[in-house]
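Undergrad: Would you be able to build a 3D model of this:
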Amino acid sequence: MTQTVEPIDERRWEHIVNRKRDERFRFGVTTTHIYCRSGCPARTPRREHVVAFDDAGAARRAGFRACKRCEPDTQPDAARARAIARACALLDAAEPPPLDAIAQHVGLSRFHFQRVFRQIVGVTPGEYRRARRAERLRAELGAGSRVTDALLDAGFGSPSRAYDDDALGMTPSTFRAGGKGQRIAYASAPCALGTVLVATTPRGVCAIELGDDARALEAELRKRFPHAELHAAPADVRDALAAVVRAVDRPDHELTLPLDVRGTAFQRRVWRALRALRSGETTTYAALAAALGEPHNARAVAAACAANPVALAVPCHRVVGSDRALRGYRWGLERKRALLAREANVR
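TA: Residues are numbered from 1 along each chain as shown. Okay, here's the model as predicted:
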C-alpha cells in the first residue's frame, strides 16, 4: 500500500531553510529517499523535492531511510547528546574549527550549541577547548617532547598563550621536568582550629592545609608535590600565613591572597564561584550547581569542593547540603562546623 505524503508547507519549509529545530514533523527528500528532522546540518534540498511527515514512522512507512547526520529516529535528548559528542571530537583536535562552524556541523545554532554543550559537558565549549589543549600539552611534555614542539603540537599558537591560559600552573619547562626545580616555600603555625600550613610558589599560594600536627601536614605537602623543591621558609611565607591565621581567628577578614592552584576547567569555575561567597554566607551544592548553569551537576560540584587545595582561600566550608546539614570536608566536619559558627557570629 502506497503511503500518502504531503508537500512541504511554508512554515515547515522556513524551519528547514533556517535549520530551526522542530520536533513536530519530519521531512523527506524524494531524490534520495532520506528523511530528516528540521535543523539537520546537511545541505538544504530544493523545495520541490521535499515532502513532510507527521513523524519518523510515517516516513519509514513511505519507504524513506533515516538520515545518519541528524538521526531523526532518536529522542531529542539522545540526539543532543550525540551532537555534543561529535562537537567534542572536533574540539579535541589540535586546531579545532571555529565554534560557529562546529555548531553548524552538529545542527545547532551558536546560542543553542553553547547552552546545550554546557548542560551536557558541564563547561562551555571554550573552556572545554582550553582544558583539552592543556591536557595535550601535559601529555607532550610528559613524553619528553621539546617545549617548543609540545606547545605547537598541543595547539598553542605561541608560548605566551600557554602562560596566558595558565595551562600548567608552572612554566612548561618546569612541568617537563616533572616539577623538579620548582621552589615551594612553606611554614606552619598554631591557630584556633589546630595547625595551619601554608605553601607558596613565586606565583602565589598553592596549598593551605588544616590539621593537628605540623609534621603530618608537611608529609601531605610532599606527597602532593613529590618533584618540587620544598623549603621550610617562614620568612617567605610570613605574610600569607599571618593572613590565614587571622582569617581563622577573625572571620570578618576575607582572604584575598594570590593563588597558584591547578584544576580542571569545571573545578576552576566552582572555585571562582566559592570565592565570591562572603563570610557568614552559605549555599548548597544544588544551588551552586544551578548558579553555574549545571542544575544536574550537584555531585560534580561536591567533588570540586573536595579537590580544593586551599582551605579558607577557596571557602568550600560555606557549602552545605540541601537540608542544611554539613557534608564532607577534607579537613574534618568539626572544623567546618567551627568555621561556620565563627562566621555566623560576625554577620
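
Undergrad: which SS class is the residue nearest the centre of the chain?
TA: With distances taken as Cα atoms, centre = their mean, the residue of the chain nearest its centroid is F266 (2.4 Å). Of the three states, F266 takes helix under DSSP: H, G, I helix; E, B strand; the rest coil.

Undergrad: domain ranges for this protein?
TA: Using automatic domain parsing, the domain parsing of the chain gives 6-66, 76-122, 128-176, 183-249, 265-344.

Undergrad: which sections of the stretch 101-250 of the chain are below the confidence cut-off?
TA: In the predicted model, the stretch 101-250 of the chain carries pLDDT under 70 at residues 119-123, 132, 134-181.

Undergrad: Do a quick rundown of the strands in it.
TA: Taking DSSP state E, counting those that start in this stretch as the criterion, the stretch 101-250 of the chain carries its strands at 183-191, 194-201, 204-211, 229-232.

Undergrad: any chance of the domains of the chain in TSV, plus distance to L255?
TA: Yep, even glycine has a C-beta here, placed from its N, CA and C like the rest. Formatted as TSV, the domains of the chain follow (distance: least, Cβ to Cβ, whole Å):
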stretch	distance to L255
domain 6-66	46
domain 76-122	27
domain 128-176	19
domain 183-249	5
domain 265-344	5
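
Undergrad: in stretch 314-332, what's buried?
TA: For stretch 314-332, the neighbour count (16 or more other Cβ atoms under 10 Å) marks V314, P315, C316, H317, R318, V319, V320, R327, Y329, R330, W331 as buried.

Undergrad: go on, stretch 274-283?
TA: L274, R275, L277, S279, T283.

Undergrad: just checking, the last one touches V319?
TA: Yes - with the criterion set as Cβ atoms under 8 Å, T283 and V319 qualify as a contacting pair; they are 5.8 Å apart.

Undergrad: where along the stretch 101-250 of the chain do the helices fall?
TA: 110-121, 125-142, 147-154, 159-165, 172-176, 214-224, 234-249 (DSSP state H, counting those that start in this stretch).

Undergrad: between the buried residues of stretch 314-332, which is closest to F111?
TA: Closest to F111 out of those is V319 (30.2 Å), distances taken as Cβ to Cβ.

Undergrad: Could I get the pLDDT score of that closest one?
TA: Reported pLDDT at V319 in the predicted model: 93.

Undergrad: Hmm, it is touching T282, no?
TA: Yes - contact criterion Cβ under 8 Å: V319 and T282 qualify, at 7.1 Å.

Undergrad: Between those two, which contacts overlap?
TA: By Cβ atoms under 8 Å, 6 or more residues apart in numbering, V319 and T282 have no common neighbours.

Undergrad: out of the strands of the stretch 101-250 of the chain, nearest to P309?
TA: strand 204-211 (5.4 Å).

Undergrad: Give me the contacts around the closest one.
TA: Outside strand 204-211, the residues touching it (Cβ under 8 Å, 6+ apart) are 169, 184, 186, 191, 193-200, 217, 220-221, 224-225, 240, 244, 257-261, 309-313, 331-332, 335.
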